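*Asks:* any chance you can model this:
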Amino acid sequence: MRRRFAESLALVLSIASLGAGAASGPSSLEAAKVTIPLATPADGHTTKRIKKSQPYQVGTASWYGEYFQGKETASGEPYDMLALTAAHPSLPLGTYVKVTNLRNGRAVVVRVNDRGPVVDGRIIDVSFNAARALGFKERGLQRVRLDIYQPATVARLEPVANLP
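*Replies:* Model (predicted):
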């Protein structure tokens, strides 16, 4: 009898503590918002709520390097393992993607200029230099987050003579 009473009491307290914890903390909607103060000339101060963006994709990335150096990519340009480029199966060629290494937090923006990866379960193949910048060159594979990146201006590493 005592044991049954103790178990029932433990169950009731567990349920009550779950409800109390959920009521006192922020909801999942509130947790996804950040409040940033913005100065305005009219009233001196206002606030603006900004939602955190959802990733385009999260999954496994790999890299490709010297074996493909100089070979033609899907975009028609030769592969340059030292450029910050990537292969993606479906994004339009020329799309810029911010790739974030979920293990160490490093991020780099790459330009999609090729198709791939050809191995199931991988979402992107980055160039050797991008893998080096992300800190997973030695590992070969890494879990990453992809975000579509739309820069206002894009700096390119090309000689001035090659620009239009």
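*Asks:* sketch out the low-pLDDT regions of this protein for me.
*Replies:* Scanning the chain for pLDDT under 70 picks out 1-52, 152-164.
*Asks:* mind doing that once more with 50?
*Replies:* 11-13, 16, 18-41, 43, 45-50 (pLDDT under 50).
*Asks:* how about the strands in it?
*Replies:* Ranges of strands in the chain, per DSSP state E, are 33-38, 46-51, 57-64, 85-87, 96-101, 107-114, 122-127, 141-149.
*Asks:* which one of these lies closest to L134?
*Replies:* Closest to L134 of the strands of the chain, according to Cβ to Cβ: strand 96-101, at 4.5 Å. Just so you know, the C-beta spots here come from the backbone N, C-alpha and C atoms, and that holds for glycine as well.
*Asks:* what strands flank that closest one, and is each parallel or antiparallel?
*Replies:* strand 107-114 (antiparallel), strand 141-149 (antiparallel) (DSSP bridges).
*Asks:* just say which of the ones you listed is most tucked in.
*Replies:* Across the strands paired with strand 96-101, the average number of neighbours (mean count of other Cβ atoms under 10 Å) peaks for strand 107-114, which reaches a mean of 20.
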